[in-house]
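[1] below: sequence and its predicted model.
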Amino acid sequence: MIDRILIDSLNLKARDFAIRWKNLIRNTRQLKHYQTKDDETLIETIRHCFPLLSRTLDRGFDQSKICSFFSTMGKERMEDGFPVSEVIYGLNVAQKVVIEYQITEAAHDNPMRMYQSMGTLTRIAEFFLLGSFYMSKGFLEEIHKSMDSNCKISEEFLQKYFKDDFFFNG
């Protein structure tokens, strides 16, 4: 059973979670491209991730929604010129924000609730791992598409270096 407090908080306080994420981004030296963005842009970059996590924790994994959300996010980051390493690390920072909230603010005082919290942490980690997978696929798909249309690279070359099965047809 997932804690209703966390589910409601992720949904109703998505902006607060995004602000926490933005603050951590500002203090992470490896995320140089993110740090070139203004505060409001950073907040909007991740804000919609938290209600999706809330729905996932409440109703279970919806592969198509998670796939669509994160692959779109990956494509947008590629178009914005982000390095793929920063995109993945940035998502890891979002996971850290949620886990820290669960551990500190939703701290539980009895063993049963602590045990339930451990299960919640596992589901949070699974969500972000799946998100990272689809975000990477979206990012790589956008690179593939860009190289295919802008660089006139042979299909043989693209297939050699882009072994993923992408979402677009051709």
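    Alright, I've got the coordinates.

[2] avg pLDDT for stretch 5-22?
    Averaged over stretch 5-22, pLDDT sits at 95.

[3] can you give me the end-to-end span of that stretch?
    22 Å (CA to CA, to the nearest Å).

[4] sort out which residues of that stretch are buried, please.
    Neighbour-count burial for stretch 5-22 flags 6-7, 9-11, 14, 16-22 (criterion: 16 or more other CB atoms under 10 Å). (Each C-beta comes from the backbone N, C-alpha and C, glycine too.)

[5] let's have the residues you listed in a markdown table, adding distance to Ser68 and secondary structure.
    Shown next, in a markdown table, are the buried residues of stretch 5-22 (distance: CB to CB, whole Å; DSSP: H, G, I helix; E, B strand; the rest coil):
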| residue | distance to Ser68 | secondary structure |
| --- | --- | --- |
| Leu6 | 23 | helix |
| Ile7 | 21 | helix |
| Ser9 | 24 | helix |
| Leu10 | 19 | helix |
| Asn11 | 19 | helix |
| Ala14 | 18 | helix |
| Asp16 | 25 | helix |
| Phe17 | 21 | helix |
| Ala18 | 20 | helix |
| Ile19 | 25 | helix |
| Arg20 | 25 | helix |
| Trp21 | 21 | helix |
| Lys22 | 24 | helix |
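
[6] of these, closest to Gln159?
    Nearest to Gln159, judged by CB to CB, of the buried residues of stretch 5-22 is Trp21 at 36.6 Å.

[7] who's in contact with that closest one?
    Contact analysis of Trp21 by CB atoms under 8 Å, 6 or more residues apart in numbering lists Leu42, Ile43, Ile46, Val93, Ala94, Val97.

[8] same thing but at 7 Å, please
    By CB atoms under 7 Å, 6 or more residues apart in numbering, the residues touching Trp21 are Ile46, Val93, Ala94, Val97.

[9] wait, isn't the third one in contact with Cys49?
    Spelled out, it's Ala94. Yes. Assessed by CB atoms under 7 Å, Ala94 is found in contact with Cys49 at 5.8 Å.

[10] which residue comes closest to Lys37 once chain neighbours are left out?
    Thr45 (7.2 Å; CB to CB, 6 or more residues apart in numbering).
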